[in-house]
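> Need a 3D model of the following:
(2 chains, ligands or ions: 2)
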Amino acid sequence: MSLLELQGIAKSFGAIQALQGVDLTVSAGEAVGLMGDNGAGKSTLMKIVAGNFPPTAGAIRIDGREVHFTKPIDARENGIEIVYQDLALCDNLTAAANVFLGRERKRRLGPLRYLDHKAMFRRAGELFTELKSETRPRDLVRQMSGGQRQAVAIARTRLSDPKLVLMDEPTAAISVRQVAEVLALIERLKETSHAVVLVSHRMPDVFAVCDRVAVLRRGRKVSDKAIGDTSPEEVTGLITGAIEQA
Amino acid sequence: MNDTGPKSHAEIDESVTQKQELSGLQAAIRTQPFWVLISIVAIGIVMSFVSDVFMTERNLFNITRNFAFFGIMALGMSAVICTAGIDLSVGSLMGLTGIVAGLVMQAGYGIGWGFLACMSAAALVGLVNGVLIAYLRMAPFVVTLGMLAMARSIAMVVSNNKMIYNFGPDQDLFEWIGGESVLGVPNPVWVLIILTCVFWWVWRFSTWGRWVIAIGGNAQAAKLSGIPVERIVVSVYVISSLCAGLAAFLMVGWFGSVTNALGLTYELNVIAASVIGGANLMGGVVYAVGAPIGAALMELIRNSLLLAGIDALWQQFFVGLFLILAVLLEQIRNRRRN
Ligand SMILES: Nc1ncnc2c1ncn2[C@@H]1O[C@H](COP(=O)(O)OP(=O)(O)OP(=O)(O)O)[C@@H](O)[C@H]1O
Ligand SMILES: [Mg+2]
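Residues are numbered from 1 along each chain as shown, chains lettered A, B, ... in the order given. Ligands and ions are numbered 1, 2, ... in the order given. As a prediction, this is how the structure comes out:
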């Protein structure tokens, strides 16, 4: 039984048909690469799984059970974490505040509950160290480099112990060293039988860590193959449309 | 996304890493309330030479009491402005809640009921503002401008355009709360001090405060993090209204009478006090101490002009001038940061 099973997912925004009849399965301990040209519908698919908006048609099953997410926390409660392509950070808050946004750590003093800044700074610091990122928990996100921001967004997924991590271009703006760390993180997630969906335009990344690669073109899935059965050349052809289907 | 190459990012990371963390004082120096406080001290020093009356206990008592009402309302307004909203209805709401409190007590009910009626009316108006803004996604400016007109009109209708000066069985207590002092400090100032401490705690240590600031920074991201954005936005408008109601309750007690003109055009002063105190109309910035400091500066200007013998007609000019200077200062500091 697959951890995540998408069946006939379609999504339209008014007249725009962003997705049509997309099937996709992801098993525990598996990393699936999702590739496609700009506007192919990759982010839309990720957002549907993360509960941002419901699909126009189709079913989402988790561990064989059909789910209907109406808001992002629904997905989070079902063990799904996401790194958004635009990162979804609050510039005016610190790195640690962003990591813990919506699930702040609190302490109790009698009836009073208050934010445990110390614990949050410490934990955020640990997560950044784990990601080998030079991000300081007390810095405002506004003053951060692209790579540091990305580290903040990725660190958020590490707060809970999710079953499935969706990463929408997590390596788009980061240095070579940090790309290696993100890829190592994906490997670690796989070893601990987590599932990962990696959306990326970087062929080497996908071929380095993913077990399977699926290709979207204009909202339809045109290929879904084990890494060993395909090649970067074939995937490139599928993305551009030089190869119709595989 | 375009890939600008790994090297440049590594360099950026390096430069950012080398920046040192700020100490507490350094951090304070970077905030607007700090600089406004400096200018308050400066004006105070100048005034103590210009006028013998300025430093007298009586004058300082008056100054603090006068700005307490604006400070209380600016605390609530700062929360609204922090979500990138605005509440233009607070002045009219003072009129409405003051009349409601007056009518209830005039009818022979005790001060407890008067206070409850006053705050309930305020909460109701805040709720209407908040629901229209958060759930129907109407512009805060338009909604609260409409409420400015409606609340004032209702105040006129229910008061039948008459002054109320009979506050029933608890008249003495009511007038003591608003008009007298404890340990030489006017009661409204005590209220302001306590509320400022409460808000300081809220902004620093409460989840609600953290979420309000997050919404001001990036409402979309806050929503995606599972923050109940609509409910928080509603609560912010309710808080602003409650602050206005409380200020009205105190002010009516001090005056010993109320007409439906109470609080006319106060919204401008309250917004100015908030902005001078560091609230940013783009949202995401709030200081608890900013509200009383901003209100203090405005009252200080008024008092100084009076004592220096300058025509009172100049008063609004200087309030406006300081407002523009405050925003300009913020702009300059922002530009230097980037
Ligand atoms: N909220 C929305 N409203 C209207 N149209 C949308 C919305 N979100 C996405 N679309 C449209 O859906 C299509 C797919 O967009 P999507 O963001 O999923 O592409 P993508 O594959 O992630 O592309 P990229 O590689 O550029 O990130 C595009 O045509 C886009 O304009
Ligand atoms: Mg995308």
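> helices or strands next to the longest helix along chain A in the packing?
Across chain A, the longest stretch assigned as helix under DSSP state H is helix A:176-191. On a contact count with 3 or more C-beta pairs under 8 Å, 6 or more residues apart in numbering or on different chains; DSSP states H and E, helix A:176-191 meets strand A:31-36, helix A:146-156, strand A:164-168, strand A:195-199, helix A:203-209, helix B:6-18. Quick note: C-beta positions are derived from backbone N, CA and C, even for glycine.
> Show me how far that helix is from its chain's centre.
With C-alpha atoms, centre = their mean, to the nearest Å as the basis, helix A:176-191 stands 13 Å off its chain's centre.
> circling back to that earlier point, compare the helices and strands packed on helix A:176-191 and give me the one nearest B:Ile193.
For the helices and strands packed on helix A:176-191, the distance to B:Ile193 is smallest for helix A:146-156, at 37.2 Å, taking C-beta to C-beta.
> Surely B:Ile301 is in a helix?
Yes: B:Ile301 sits within a helix when classified using DSSP: H, G, I helix; E, B strand; the rest coil.
> any idea how far B:Trp314 is from it?
To B:Trp314, B:Ile301 is 9 Å away according to C-beta to C-beta, to the nearest Å.
> got it, and A:Met167?
Computed as C-beta to C-beta, the A:Met167 to B:Trp314 distance reads 61 Å.
> repeat for A:Leu87
Distance, A:Leu87 to B:Trp314, using C-beta to C-beta: 50 Å.
> All the helices of chain A, in order from the start?
In chain A, the helices defined using DSSP H lie at A:42-49, A:72-77, A:95-99, A:117-130, A:146-156, A:176-191, A:203-209, A:232-240.
> returning to what we had before: which one of B:Ile301 and B:Trp314 is surrounded by more residues?
B:Ile301 (20 against 13; other C-beta atoms under 10 Å in any protein chain shown).
> pLDDT score for the more buried one?
According to the prediction, B:Ile301 has pLDDT 87.
> Now it: closest residue in space, sequence neighbours ignored.
Closest residue in space to B:Ile301, ignoring its immediate chain neighbours: B:Phe318 at 4.8 Å, by C-beta to C-beta, 6 or more residues apart in numbering or on different chains.
> same check, this time on B:Ser181
B:Ser181's closest residue in space is B:Asn187 (C-beta to C-beta, 6+ apart), at 6.1 Å.
> right, and that neighbour touches B:Leu173 too?
No: contact criterion C-beta atoms under 8 Å: B:Asn187 and B:Leu173 do not qualify, at 11.3 Å.
> Among those two, which residue is more densely surrounded?
When B:Asn187 and B:Leu173 are compared for neighbours, B:Asn187 comes out ahead with 19 against 13, by other C-beta under 10 Å.
> Let me see the contact set for the more buried one.
Contact analysis of B:Asn187 by C-beta atoms under 8 Å, 6 or more residues apart in numbering or on different chains lists B:Trp176, B:Ile177, B:Gly178, B:Gly179, B:Glu180, B:Ser181, B:Leu250.
> and the residues you listed, which are buried?
Buried members of those, counted by 16 or more other C-beta atoms under 10 Å in any protein chain shown: B:Ile177, B:Gly178, B:Gly179, B:Leu250.
> And the residues you listed, which is closest to A:Asp74?
Nearest member of these to A:Asp74, counting by C-beta to C-beta, is B:Leu250, at 45.5 Å.
> would that closest one count as being in a strand?
No: under three-state DSSP, B:Leu250 sits outside any strand and is assigned helix.
> returning to what we had before: could I have the longest helix of chain A exported to PDB, CA atoms only?
In PDB, the C-alpha atoms belonging to helix A:176-191 read as follows (Å, rounded to 0.1, in the frame of the first residue of the first chain):
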ATOM      1  CA  VAL A 176      26.800  24.000  -3.700                       C
ATOM      2  CA  ARG A 177      27.600  23.000  -0.100                       C
ATOM      3  CA  GLN A 178      24.000  23.500   1.000                       C
ATOM      4  CA  VAL A 179      22.600  21.700  -2.000                       C
ATOM      5  CA  ALA A 180      24.700  18.700  -0.900                       C
ATOM      6  CA  GLU A 181      23.200  19.100   2.600                       C
ATOM      7  CA  VAL A 182      19.600  19.100   1.300                       C
ATOM      8  CA  LEU A 183      20.300  16.100  -0.800                       C
ATOM      9  CA  ALA A 184      21.800  14.300   2.200                       C
ATOM     10  CA  LEU A 185      18.800  15.300   4.200                       C
ATOM     11  CA  ILE A 186      16.500  13.600   1.600                       C
ATOM     12  CA  GLU A 187      18.700  10.500   1.800                       C
ATOM     13  CA  ARG A 188      18.300  10.500   5.600                       C
ATOM     14  CA  LEU A 189      14.600  10.900   5.300                       C
ATOM     15  CA  LYS A 190      14.500   7.900   3.000                       C
ATOM     16  CA  GLU A 191      16.600   5.800   5.300                       C
END
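> who's in contact with that helix?
In contact with helix A:176-191 (C-beta under 8 Å, 6+ apart) are residues A:29-31, A:130-133, A:147, A:150-151, A:154, A:165, A:167, A:170-171, A:174, A:195-196, A:198, A:205, A:208-209, A:211, B:6, B:10.
> That one versus strand A:31-36: what angle between them?
Angle of helix A:176-191 versus strand A:31-36, following axes from the mean of the first three to the mean of the last three C-alpha atoms, to 10 degrees, is 130 degrees.
> Can you give me the buried ones in helix A:176-191?
A:Gln178, A:Val179, A:Glu181, A:Val182, A:Leu183, A:Leu185, A:Ile186, A:Leu189, A:Lys190.
> Could you point out which of the residues you listed is nearest to ligand 2?
For those, the minimum distance to ligand 2 (C-beta to the ion) is 16.9 Å, reached by A:Val182.
> any low-confidence regions in chain B?
B:1-24, B:336-338 (pLDDT under 70).
> Just give me the residue right at the centre of it.
For chain B, the residue nearest the mean C-alpha position is B:Ala74 (0.5 Å; C-alpha atoms, centre = their mean).
> Please identify which helix or strand holds that residue.
Per DSSP states H and E, B:Ala74 falls inside helix B:57-82.
> can you pull the buried residues of that helix?
By neighbour count on 16+ other C-beta under 10 Å, the buried set for helix B:57-82 is B:59, B:63-82.
> repeat for stretch B:249-269
By neighbour count on 16+ other C-beta under 10 Å, the buried set for stretch B:249-269 is B:249-254, B:258-263, B:266-267, B:269.
> same deal with stretch B:311-319?
Using 16+ other C-beta under 10 Å as the test for burial, stretch B:311-319 gives B:Gln315, B:Val319.
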